[in-house]
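Colleague: any chance you can model this:
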Amino acid sequence: MITRHEAYPDLAKALEMKSLFFKREDLHPYGSHKGRSIPVMIDEYVKQGIKHFAISSSGNAALAAAFHIQKLNKDGANSIILEILVGRHISDKKLQKLNRFKNNEITITMHDRPLQTLFNKTQDGSVKALRQSTDDLSLVGYKELAEELLEIPNLQAVFIGSSSGTTAQALAECFLAEKKAVEIHIVQTSSCHPISDSFVDDETLDEQSIADAIVDHSAIRKGMLVKLINETSGSGWIASNEQIRSAQEIIKNHTGLDISTNSALSVAGLMQAVYTGKSWDGSVACMICGD
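Modeller: Coordinates of the predicted model:
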C-alpha cells in the first residue's frame, strides 16, 4: 500500500455517519494522488524512446512529473528533459516547491496561457505533452489506488475533489469492472465546476475559489464521467469558500489535522451530501489529495 487510509470515528459521529476514512494521498512520496498516474505515463513513453516532455499544471501534476524525472535522471537515464509551464496566478507555495527541481533537465516557465503554449510546443511531435485530461494512459496508474481503496471495510462511497475528472473516471471504471457497488462523488469549486454542473443547478456559485487546484474548464472527460458517476449512483457537488473553510474547521476540531483547501473539497462535498439526506450503512472514503 502506497498511502494509508485512516478511520476517524469522532468525525464520522459529528457528521452522523457510521464510518468515515481519509485516503491520505497527501502523504504520497510525490506529494499527491497525481503521483499515481504521471510516473506511469512517463515510464511508458520513455520505453517508447521519448526523452523530452512538457506539462501545463497548477502544481500537483507538475510536482509529480518533476519528482519522477529527477529520479530517472539520478538513476542513470539519458538526460530526460521536462518543461513545466505554469500560469501567472500559480500559488507562491507551489511555485517554491517546483523551483527546487530546476536544473539543466527540468525548467519552469510562466505563461499567460500555459495550456495554449503546451499545445503549440508539442505539435511537431518532438516534445510529448503530459496531459491527463486527454491521454487515457493516465487512467492506468489509478488502478492501484482503486485496489487500495477497496481494502477499506464495506466501502460504499468515495468523495474526491476533481478538476479534469481523470482520477474519478479511473476509480469508477475499476469499481464497475470489479462489480463493486461504490458510489463516486466528485467535488468542484465555485469558480470551476463544468462537470458538477450536470448534478447541481446553482448559477450563484461563481466566486473565486480558495481551492486553486481545480482549474480544468474544458471538461473533456465530462460525457464519459457523468455517465460513470450515474452508473455508480454517485453525484457531483460544488463547494463554496464558506463550505471549504467549514470543512477545514470540522476536520481540525475532530481529527487534529490541518489540511489544504484542495484536500478539504472532498469533505465539503460529503457534508453537503449528508445535509441533503444521503446516508450509508458502510464506510465512506474522502480523498485527501494534497496541496
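
Colleague: contacts and neighbour counts: CA atoms only from here.
Modeller: Noted.

Colleague: what's V284 in contact with, if anything?
Modeller: By Cα atoms under 8 Å, 6 or more residues apart in numbering, the contact set of V284 is S19, L20, F21, L155, Q156, A157, V158, F159.

Colleague: restricted to strands, list those residues.
Modeller: S19, L20, F21, L155, Q156, A157, V158, F159 (DSSP state E).

Colleague: for the closest residue to the fifth one other than its chain neighbours, phi and psi?
Modeller: Spelled out, that is Q156. Counting by Cα to Cα, 6 or more residues apart in numbering, Q156 lies nearest to V182, which is 4.5 Å off, once chain neighbours are set aside. Main-chain dihedrals, V182, degrees, to the nearest 10: phi -120, psi 120.

Colleague: show me what the nearest residue to A7 once chain neighbours are set aside is bridged to.
Modeller: With sequence-adjacent residues excluded and distances taken as Cα to Cα, 6+ apart, A7 is closest to F21, at 4.4 Å. Judged by DSSP bridges, the bridge partners of F21 are A7, A285.

Colleague: buried ones in the helix or strand containing P39?
Modeller: According to DSSP states H and E, P39 maps onto helix 34-47. If you call a residue buried by 16 or more other Cα atoms under 10 Å, then helix 34-47 has these buried ones: K34, G35, R36, S37, I38, P39, V40, M41, I42, Y45, V46.

Colleague: where's the residue lying closest to A239 once chain neighbours are set aside relative to H217, distance?
Modeller: The shortest distance from A239 to any residue other than its chain neighbours is 5.1 Å, reached at T189 (Cα to Cα, 6+ apart). Separation of T189 from H217 (Cα to Cα, to the nearest Å): 11 Å.

Colleague: name the element V86 belongs to?
Modeller: strand 81-87.

Colleague: show me where this protein has its strands.
Modeller: Counting by DSSP E, the strands of the chain are 5-7, 19-24, 52-56, 81-87, 106-111, 128-129, 155-161, 183-189, 235-239, 283-288.

Colleague: how about those in TSV, adding distance to L72 and mean pLDDT?
Modeller: Formatted as TSV, those follow (distance: least, Cα to Cα, whole Å; pLDDT from 0 to 100):
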stretch	distance to L72	mean pLDDT
strand 5-7	28	96
strand 19-24	25	98
strand 52-56	13	96
strand 81-87	10	93
strand 106-111	12	93
strand 128-129	17	95
strand 155-161	29	98
strand 183-189	33	97
strand 235-239	37	96
strand 283-288	27	97
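
Colleague: using JSON lines, lay out these together with distance to N253.
Modeller: Below are the strands of the chain laid out as JSON lines (distance: least, Cα to Cα, whole Å):
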{"stretch": "strand 5-7", "distance to N253": "15"}
{"stretch": "strand 19-24", "distance to N253": "15"}
{"stretch": "strand 52-56", "distance to N253": "36"}
{"stretch": "strand 81-87", "distance to N253": "35"}
{"stretch": "strand 106-111", "distance to N253": "38"}
{"stretch": "strand 128-129", "distance to N253": "42"}
{"stretch": "strand 155-161", "distance to N253": "20"}
{"stretch": "strand 183-189", "distance to N253": "22"}
{"stretch": "strand 235-239", "distance to N253": "20"}
{"stretch": "strand 283-288", "distance to N253": "17"}
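
Colleague: what's the per-residue pLDDT of C174 here?
Modeller: In this model, C174 is scored at 96, pLDDT.

Colleague: my bad, should have said K93
Modeller: 85.

Colleague: ok, it - contacts?
Modeller: Taking Cα under 8 Å, 6+ apart, one finds nothing in contact with K93.

Colleague: for L11, see how far away it is.
Modeller: 29 Å.

Colleague: again with T232
Modeller: Taking Cα to Cα, one finds T232 at 25 Å from L11.

Colleague: just S126 next, same as before
Modeller: 50 Å.

Colleague: could you do G165 as well?
Modeller: From G165 to L11 the distance is 27 Å (Cα to Cα).

Colleague: out of these two, which sits in the busier spot?
Modeller: Legend: neighbour count by other Cα atoms under 10 Å for G165 and L11, higher for G165 (25 against 19).

Colleague: got the phi/psi numbers for that one?
Modeller: With angles defined as degrees, to the nearest 10, G165 sits at phi 90, psi 10.
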